[in-house]
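>>> Coordinates for the following, if possible.
(chains A and B)
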Amino acid sequence: MAFGSGAMTNSIGEIRNADCIFVIGSNTSENHPVIALEVKAAVRQRGAKVIVADPRRIDLVNFAHLWLRHHPGTDVALLNGMLNVIISHGWVNQSFVNERTEGFEALAESVKDYVPERVEKITGVPAKDIVEASRLYAQSANSSVLYAMGITQHATGTHNVLALANLAMVTGQIGKPFSGINPLRGQNNVQGACDMGGLPNVYTGYQRVDDEAVRQRFEKAWGIALSPRPGLTLMEMMKGIAEGRMKALFILGENPVLSDPNAEKVKDELKRLDLLVVQDIFLSETAELAHVVLPGVSFAEKDGTFTNTERRVQRIRKAIEPIGNARPDWKIICDLSSRLGYPMNYDSPQQIMEEIASVTPSYGGIRYERLEGLGLQWPCPSIDHPGTPFLHKDRFTRGRGKFHITPYAAPPELPDQEYPFLLTTGRVLYHYHTLISQKSKGLAEIYPEGLVEINPDDARRLGIKPDNGLVEVASRRGKVKARAKVSDNLPPGLVFMTFHFKEAAANLLTIDVLDPIAKIPEFKVCAVRVKKLG
Amino acid sequence: MKEVILKIDGREVRAEEGMTIFQAAKKVGIEIPHLCYREGLAPTAACRLCVVEVDGSRTLVASCAYPVANKMVVRTDTQRVQEARKLAIDFLLSDHPYDCMTCEKSGSCRLEKYAYEFGIRKSRFEGERHDYPIRGRNPFFERDYNKCILCGRCVTVCHEVQYCEAVDYSERGFATKIAAFFDRSMQETPCVFCGNCVSVCPVGALSEKAGRFKGREWELQKVPTICSYCGVGCTLVLNVKDGKVLKVTSDKELGINRGWTCVKGRFGFDYIHSPDRLTEPLIKRDGTFRQASWEEALDAVAEGLKNIKSKYGADAIGFLVSAKCTNEENYLLQKVARAAIGTNNVDHCARL
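Model (predicted):
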């Protein structure tokens, strides 16, 4: 919204050349381990300064020059505070602001009240650290921001992201090598799923369905009339089911029962569908509810491409034949489409990519024969284009970069007498979204069950044994039992859980309040109480 | 960077100041034998296999660590050099088990390669041999320090790539070995099981547990592909035999990860052959699944969708594409939604 595209602005390989790396809402070492190696190399080999903003003492804190331990859900306040400091100390990159952005005056006005002393009261971060972080970020030759779901999975997620964009534009830390805003995408092809039009309002390459000219182009390419109405997001679909408007759902390789906030409700809603079809490689919690289950294949059993978090389109290659009677997913979809009266006849994924390139300007130059080696980073508009390592070089995708006003609002649910702990959720190194890591023996052996991490003082007060005492964690929505892991990586009053395991699914507890703009649920902050069981 | 001109094996070589002799030689296609050196890691100069003659130097020098200089004259293939290398291999073999016939690294082991190339059937030296117990309580890899040649690659990787510092040299002299602190098992250390040490071990000291005794190096088909876990997009190499993925390795020449991986990428692949995999289409009748043919299952889906569309309209149907499937598959599924069904109700779980 601020720049015009949602992707890493820079390449992974550029991280080690940044002078200042600001890591916020990303436990990089556990969730993007190989990117964390780049951060560590920047520190140890080049003397880069790392600023970590995280309530938990994550691994990268050990490599950080500065650790801002802000209270969960106060990111916007912290970032507004940094903007305030940068403006009041005269660290603004005035020529960048003048030439490439719009709306600076209003932004400056809006952060006037976020003086470090006030922000300290909201976030718990000492005022002098806020000033030092601002100085480092603004005044280093090249500063790069890395963020992940710790920024987006909040009721104020969109504001969090926009506040980061404000920070980069005010200081001109974007549009050049080694500097930019870099969301680290959580799943192997989440970038590609978005690029390919896996969103209700856009076709491939973020071309809007309600843009008349775009739609006409797709109607011509696909030979059929298309709906001009943007569709529903996943959360809206769930609501549609509850209201009886949605009757059928086709789910490809996803497990919303485990990954959705308020999982029990999702389960009830999916049960109300007239037709639920799930295409997956395991009988997931979601597939168990389906009327028809279609067995697809793993990445080892098919050809195709994934697009990584730095917009790099890379080849995956078939290594083995499909297991049992399973079929490559692209073939299943073709067969289904033909049965629906819209025949699809492709010989290979290569041929499908040629069609994608023909309807998608940013993928225009993507061809399988060009993807040997390191692949290509979009935008890659033509067959002779080398791809784009970093974005927004001379202009933003939307023209001028736009400053957005991002007022701080407290999280929708905070601890109180009845639910005195703040629960935050995430992943751990040894596991992944939901099922596949648990079906891998070694990973399951080394991290077999979901744990509740809790501060030693809190644990002692509640009489929880330091080695795996059983506890019950309850919120206003549900409760789960799990073993406790006592850890001083957490401040008192905060507990941490993963959402990997159905036996201890944190998403039974989380609140289903959505960010009003991006429709992303608040996974990172809710109130719970913790009780000792065993 | 200042350019220096030197002579290697009679050839004039232009190199940059700061390069090592090894790198300069490689630039013009001269391969110098080596065990401990690995591109991208700081040299330990431990194995003495890469020694070369440098005019004016009293002793042979380790080319992996010795910097080039202007007008330097280097010889990489003299009899003196070859004898020194042969002796180095001979010494290593004097304390190395001769169990290549069951060693997982056979075929890719660098010690085996050089023993073969120098034609050393048996070490000339008889002496004390190590008899360490094999360590392998962790589920991913085994440590057999009887085979360790103390090249130090695993230590360098752990300290300078992973910054984990889980293993280091311990003891002194003949008793020197690589160990975690207090010689504990890896689970008791800060080890994150990235397995990058296993990937750089030139011999059989560190080896994956996966695929053990299932296939020899030369029987394995190597298929480079992209990891199925997070969004970094590391290149992995699937090692395949008889339609099974036996293990995952990595290659420093391939991918943005340059051969480095995390625990999930390297060791988290056996879900592919999990007995829980779905292998047949299923249709639910009266609350229980029964196996169906593809014809039957696809017809049921198509009929169901068509009925709902005609009764409630296209917008009563929704599609979730997948962040785990390929671009091509996601493209096709949203095309099915928009073109075949006629709805823009397309989303995925990226918000979660």
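>>> Around chain B, pick out the residues from the stretch 1-150 of chain A.
By the rule Cβ under 8 Å from any Cβ of the partner chain, the part of the stretch 1-150 of chain A lying against chain B is A:11-13, A:29, A:31-35, A:37, A:40-41, A:44, A:63. Where C-beta positions appear, they are placed from N, C-alpha and C, glycine not excepted.
>>> In CSV: the residues you listed, plus neighbour count and pLDDT.
Supplementary listing: the residues of the stretch 1-150 of chain A next to chain B in CSV, determined by neighbours: other Cβ atoms under 10 Å in any protein chain shown; pLDDT from 0 to 100:
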residue, neighbour count, pLDDT
A:11, 22, 90
A:12, 24, 91
A:13, 14, 90
A:29, 25, 91
A:31, 25, 89
A:32, 25, 92
A:33, 25, 93
A:34, 23, 94
A:35, 28, 94
A:37, 26, 95
A:40, 24, 96
A:41, 18, 94
A:44, 14, 93
A:63, 20, 95
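>>> Out of the residues you listed, name the ones that lie in helices.
The subset of these located in helices under the criterion DSSP state H comprises A:29, A:31, A:33-35, A:37, A:40-41, A:44.
>>> Among the residues you listed, which one sits closest to chain B?
For chain B, the nearest member of those is residue A:33. The distance, counting by Cβ to the nearest Cβ, is 3.4 Å.
>>> so the closest one makes contact with residue B:266?
No - with contact defined as Cβ atoms under 8 Å, residue A:33 and residue B:266 do not form a contacting pair (10.5 Å).
>>> between the two, what contacts are shared?
Common neighbours of residue A:33 and residue B:266 (criterion: Cβ atoms under 8 Å, 6 or more residues apart in numbering or on different chains): residue B:194.
>>> Tabulate the residues of the stretch 1-150 of chain A next to chain B in JSON lines, adding columns for distance to residue B:92.
JSON lines is the format used below for those (distance: Cβ to Cβ, whole Å):
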{"residue": "A:11", "distance to residue B:92": "41"}
{"residue": "A:12", "distance to residue B:92": "38"}
{"residue": "A:13", "distance to residue B:92": "36"}
{"residue": "A:29", "distance to residue B:92": "36"}
{"residue": "A:31", "distance to residue B:92": "41"}
{"residue": "A:32", "distance to residue B:92": "39"}
{"residue": "A:33", "distance to residue B:92": "33"}
{"residue": "A:34", "distance to residue B:92": "32"}
{"residue": "A:35", "distance to residue B:92": "37"}
{"residue": "A:37", "distance to residue B:92": "31"}
{"residue": "A:40", "distance to residue B:92": "32"}
{"residue": "A:41", "distance to residue B:92": "31"}
{"residue": "A:44", "distance to residue B:92": "31"}
{"residue": "A:63", "distance to residue B:92": "36"}
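>>> which residues touch residue A:229?
Listed by Cβ under 8 Å, 6+ apart, the contact partners of residue A:229 are A:209-210, B:315, B:344.
>>> If we look just around chain A, which residues of the stretch 101-250 of chain B are in range?
Taking Cβ under 8 Å from any Cβ as the criterion, the neighbours of chain A within the stretch 101-250 of chain B are B:138-140, B:160-163, B:187, B:192-194, B:209-210, B:221, B:223-235, B:238, B:240, B:243-245.
>>> So which of these belong to helices?
Among these, the members that lie in helices (by DSSP H) are residue B:160.
>>> Now a PyMOL select for only the buried ones of the residues of the stretch 101-250 of chain B next to chain A.
What follows is the PyMOL syntax selecting those of these that are buried according to 16 or more other Cβ atoms under 10 Å in any protein chain shown:
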select buried, chain B and resi 138+139+140+160+161+162+163+192+193+194+209+210+223+224+225+226+227+228+229+230+231+232+233+234+235+238+240+244+245
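>>> Pretty sure residue B:158 sits in a strand.
No - using DSSP: H, G, I helix; E, B strand; the rest coil, the assignment for residue B:158 is helix, not a strand.
>>> pLDDT score assigned to it?
According to the per-residue confidence, residue B:158 scores 96 in pLDDT.
>>> Residue ranges in the chain under the pLDDT threshold?
Since no chain was named, I'll use chain A. Applying pLDDT under 70 to chain A picks out residues A:1-6, A:154-155, A:259-262, A:432-436, A:468, A:500-506, A:511-523, A:534.
>>> my bad, the chain I had in mind was chain B
Under the criterion pLDDT under 70, the flagged ranges of chain B are B:350-352.
>>> need the helices for it, in chain order.
In chain B, the segments counted as helices under DSSP H are B:21-27, B:79-93, B:110-117, B:153-160, B:196-200, B:263-267, B:294-312, B:327-335.
>>> among these, which is the most enclosed?
Greatest average neighbour count among those goes to helix B:327-335 (a mean of 30), per mean count of other Cβ atoms under 10 Å in any protein chain shown.
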